[in-house]
Structure formats: structure tokens, C-alpha cells
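1. sequence and computational prediction follow.
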Amino acid sequence: MKNKKLIIGIALLGIFIIIFGWRYYIVNKKYPATIVEKYKMNEEVNIAKVKYTVIKEGINNIEERKDCKLYYVKMIIENTNNKDVDIRMSDIELRLGSFSASYSIDYFTKFNDLGNEFTIKAGEKISIILPYEIYDNFVADKKLNRIMDYRRELTFTKYPKKIVVEL
């Protein structure tokens with residue numbers, strides 16, 4: 001009786017492992033691993049015939065806030081399409097070490113005469129400032145003056161191709 005339970009247990013475990021392995025294979029075939037495409041600052045990133053070029057980065061203090069710094073990226077966006085293109089800045093994410101942030105809509109509208117989503121006409125080239133609020137509890141030891149010591153990158157797309165600009 002004991003041997004029969006053991007054999008049934010091993011058979012069920014074997015069936016479970018086979019089903020798990022088969023599902024693992026199917027999912028990985030349907031959704032392959034992300035391909036990472038890396039760029040440096042001042043290199044053109046071409047996404048759907050729109051060129052993005054990060055030309056500068058910096059940090060400013062926010063006078064009314066002691067626990068926060070404003071990290072910004074200056075970027076040129078050029079539409080090489082023969083038609084107008086809608087741009088959503090919320091797709092561009094900042095990675096600062098293991099922390100990630102979305103841009104600050106409030107400061108974006110202060111620095112640029114644009115909204116969260118805007119249209120670039122065919123052949124048009126614009127320069128924008130993309131600001132990020134970095135709070136002291138986002139960085140180790142709450143040392144905001146060390147932001148530039150961290151690995152920094154902008155992520156434009158995540159899947160199936162992850163497009164990153166290393167800053």
C-alpha cells in the first residue's frame with residue numbers, strides 16, 4: 001500500500017513537471033526575452049521615424065523644497081515622418097540606480113510651452129526640457145547631492161525592444 005501511494009505521488013509529480021515545462025516553453029516562445037538597445041548621450045534614437053537626441057542633463061534645487069531636487073534632461077525631438085506625429089512624454093521613464101520615475105508634469109509645462117501630449121508637425125524639430133522630481137527618500141542615505149553618482153538612464157520603450165539612453 002505504501003509503495004502504491006509512492007508510485008502515484010511520483011507519477012503525479014512527473015505529470016505536473018511535464019505540464020509546467022510545456023507551459024513554460026509555450027509562454028517563452030510567445031513572449032521572447034526583451035532585446036535591449038542602448039545609446040549614449042548625444043546619439044540619435046530613432047523610434048517610428050521620430051528622432052530623440054538627449055543633449056544635456058543637470059540638477060537644480062527647488063527653493064520651496066529641501067527634501068527634493070529637480071533632475072532634468074534637455075532633448076531635441078525631430079519628426080522625420082511626412083505626417084504629423086503625436087508624442088506622449090509619459091512614455092519616457094528615468095532610471096536612477098534601482099529607482100525609476102516618471103517626469104514631472106507641473107515642471108514640464110513650466111519649462112516647455114507644451115502639454116503632456118503634443119503633436120509635432122512633419123519635418124519639425126523642437127527642443128524640450130524633461131524634468132524629474134527626485135526626493136531624498138528615493139536615494140541611499142537621503143543624499144540628494146549624490147544623484148549624479150548613480151547609474152542614470154532614460155527608457156523610451158520596454159517591450160519587445162527596450163530602448164535606453166545611458167546618461
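-> Thanks, I have the structure now.

2. which helix of this structure spans the most residues?
-> Longest helix of the chain, by residue count under DSSP state H: helix 2-30.

3. flag every buried residue along stretch 145-158.
-> The neighbour-count check on stretch 145-158 (16 or more other C-beta atoms under 10 Å) flags 147, 150, 152, 153, 154, 155, 156, 157 as buried. Glycine gets a C-beta too; all of them are placed from N, C-alpha and C.

4. can you pick out the most distant pair from those residues?
-> Within the buried residues of stretch 145-158, 147 and 157 form the most distant pair, 24.3 Å apart (C-beta to C-beta).

5. which neighbours in the sheet does the worst-scoring helix or strand of the chain on mean pLDDT have, and how are they oriented?
-> Every helix and strand in the chain was compared by mean pLDDT, DSSP states H and E; the lowest is strand 99-102, with a mean of 85. Its sheet considered, strand 99-102 pairs with strand 93-96 (antiparallel) by DSSP bridges.

6. got the contact list for the strand it pairs with?
-> If you take C-beta atoms under 8 Å, 6 or more residues apart in numbering as the criterion, strand 93-96 is touched by 71, 73, 100-103, 132, 134, 138-139, 147, 150-155, 164.

7. sounds good, over and out.
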